[in-house]
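J.: Here you go, sequence then predicted model.
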Amino acid sequence: MPNWIVVADASKAIIYAQDKPRADLEEVMDLVHPEARTPEQSLASDAPGMQTNAGGSGAHGMTEKVTPREHEDRRFAKDIVARVRHALDTNEITGFYMAAPPHFLGLLRDNLDSHLRKALRSDTAKNLTGADRKEIIATFAFPTIQ
């Protein structure tokens, strides 16, 4: 069974498989998240609501705890991890690696349960979405292709 290599940022994820230590990386999946490129003001439906106090005078604004951009980033990270989880649960893979910019890597890690954490071989806080396969192999110190 291969290992997966997840290379992602907030707008794109590429998942590669490596069957054998000396094998090349094979692209399994290419996910695009166009909402990451949408202006943040377009992601919010309208202004925050207002709430009145039952016994008091006046009202205060209800602020969002998470920005629309952060919400979209979290949603995409959750989707990526769900795909890895499915592959692990169906024995398509034995483990996986992750590379993403620091903030997005944190979001991916936040979605890992204990089973996924055990299957995670390594991760790196680096954006490799535009990298070629040799650079990805070098980043994770996979044996190079002869």
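T.: Ah, there it is. Residues are numbered from 1 along each chain as shown.
J.: Contact partners for residue 116?
T.: Counting by Cβ atoms under 8 Å, 6 or more residues apart in numbering, residue 116 touches 81, 84-85, 88. Just so you know, the C-beta spots here come from the backbone N, C-alpha and C atoms, and that holds for glycine as well.
J.: out of those residues, which are buried?
T.: The neighbour-count criterion (16 or more other Cβ atoms under 10 Å) marks 81, 84-85, 88 among these as buried.
J.: ok, so of the contacts of residue 116, who is nearest residue 25?
T.: Proximity to residue 25 was ranked across the contacts of residue 116 by Cβ to Cβ; first place goes to residue 84, at 15.7 Å.
J.: how about the contacts of residue 116, which pair is most distant?
T.: Within the contacts of residue 116, 81 and 88 form the most distant pair, 10.2 Å apart (Cβ to Cβ).
J.: what is the mean pLDDT for the helix or strand where residue 72 lies?
T.: For residue 72, the enclosing helix or strand under DSSP states H and E is helix 68-89. Averaged over helix 68-89, pLDDT sits at 94.
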